[in-house]
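*Asks:* just to be clear, the model below is a prediction. Sequence and coordinates:
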Amino acid sequence: MLEIKNVTISYKNVPAVYDFSLSMKHGQIISLVGESGSGKTSVIRAVMGLLPSGGKVTAGDIIFERASMLSYSDEQWHKIRGTDISMIFQDSGAMMNPTRKIGAVFTEYLQTHEKISKKDAWDKGVRMLELMRLPSGDNIMRSYPFQLSGGMRQRVGIAMGMTYQPKLLLADEPTSALDVTTQAQIVRQMIQLREEYGTGIIVVTHNLGVAAYMSDYIVVMRNGRIEDQGDREYILHGSSNEYTKTLLEAVPSLGGDRYV
């Protein structure tokens, strides 16, 4: 489904990610793990075509469904974003206009991607919110982002991202701003998306515990390069890489047991 081939990402001609490669199948969950500044977010933003100003893929290629994304026109990007590929941000609420209610944003999003009346868009938004285990979707639609908890805002972001059952979901630190209980709920919600819709997911996280719980494959990044990679069993029990071992040791333990 997705193939990243020897990609280098630069900001103002200074490389930040070097020679990154990754191959992903339909329905696979892959985690990019590493400390802040390791290049994780740059990788998924490059896939989404949303690198910040001055950022550019300066080498390699990104192939989605057998077509190079680097040659996409603005029209092609408009067609694919939010439908075939969606993205969830670290705090979905922070990405929303605080002066606009959820319903106004959600209906506008739906009307951008399909010919649908405002009433039908509202009803569809309510259904998606309730599918994401949000109680009383109509009340959520009438709320401002600041009136919702962090976990509820994340579910709104997931609901919007999953409206068109994308083939690929990109999640940038989707649980780091949440308490531990809510983190677990969001992680389970994302796993259900794969089970119910066959959605492939790339998760950016600094938490190897989260990655180990939900991922089929884990890529460990450091200083813009791939430091280690493999399936969950290899990363947890077979890797001899010192940096991977350090990340594993950083996972909190309880009663001497580390839950990864």
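*Replies:* Great, that's in hand.
*Asks:* in contact with R232, which residues?
*Replies:* Neighbour list for R232: 212, 215-218 [criterion: Cβ atoms under 8 Å, 6 or more residues apart in numbering]. For the C-beta atoms, the positions are set from N, CA and C on the backbone; glycine is no exception.
*Asks:* need the per-residue pLDDT for it.
*Replies:* pLDDT recorded at R232 is 90.
*Asks:* swap in the one 4 residues further on?
*Replies:* We note a pLDDT of 89 for L236 in this prediction.
*Asks:* quick check: it vs L248, distance?
*Replies:* Here the criterion is Cβ to Cβ, to the nearest Å. By it, L236 lies 7 Å from L248.
*Asks:* thinking again about what came up before, from the contacts of R232, keep the buried residues only.
*Replies:* Buried by 16 or more other Cβ atoms under 10 Å: 212, 215-218, out of the contacts of R232.
*Asks:* taking these one by one, which sit in helices?
*Replies:* If you go by DSSP state H, the buried ones among the contacts of R232 have A212 in helices.
*Asks:* the helix or strand harbouring G103 - contacts with which helices or strands?
*Replies:* Assigned by DSSP states H and E, G103 falls within helix 102-113. Counting by 3 or more Cβ pairs under 8 Å, 6 or more residues apart in numbering; DSSP states H and E, the packing neighbours recorded for helix 102-113 are helix 118-131, helix 137-141, helix 150-162.
*Asks:* which one of the buried ones among the contacts of R232 is nearest Y11?
*Replies:* Within the buried ones among the contacts of R232, the smallest distance to Y11 is 25.7 Å, found for I218 (Cβ to Cβ).
*Asks:* the closest one pairs with what?
*Replies:* Judged by DSSP bridges, the bridge partners of I218 are S31, G230.
*Asks:* where does it land on pLDDT?
*Replies:* 96.
*Asks:* from memory it sits against Q28, does it?
*Replies:* No. Counting by Cβ atoms under 8 Å, I218 sits too far from Q28 to count as a contact (11.6 Å).
*Asks:* list of residues touching stretch 201-208?
*Replies:* By Cβ under 8 Å, 6+ apart, stretch 201-208 touches 24, 28-36, 40-41, 43-44, 47, 168-176, 190, 193-194, 210-211, 214-215, 218, 235, 247-248, 250-251, 260.
*Asks:* can you rerun that using 6 Å?
*Replies:* 29-33, 40-41, 44, 169-173, 211, 247-248, 251 (Cβ atoms under 6 Å, 6 or more residues apart in numbering).
*Asks:* now that stretch, how far from the centre of its chain.
*Replies:* 8 Å (Cα atoms, centre = their mean, to the nearest Å).
*Asks:* please begin residue numbering at 658 from this point
*Replies:* That works, and once the first residue is 658, the last one we named lands at stretch 858-865.
*Asks:* any idea which helix is longest in the chain?
*Replies:* Secondary structure of the chain read by DSSP H shows that its longest helix is helix 837-854.
*Asks:* state the next helix or strand along the chain beyond it.
*Replies:* Going down the chain from helix 837-854, the next helix or strand is strand 857-862, by DSSP H and E.
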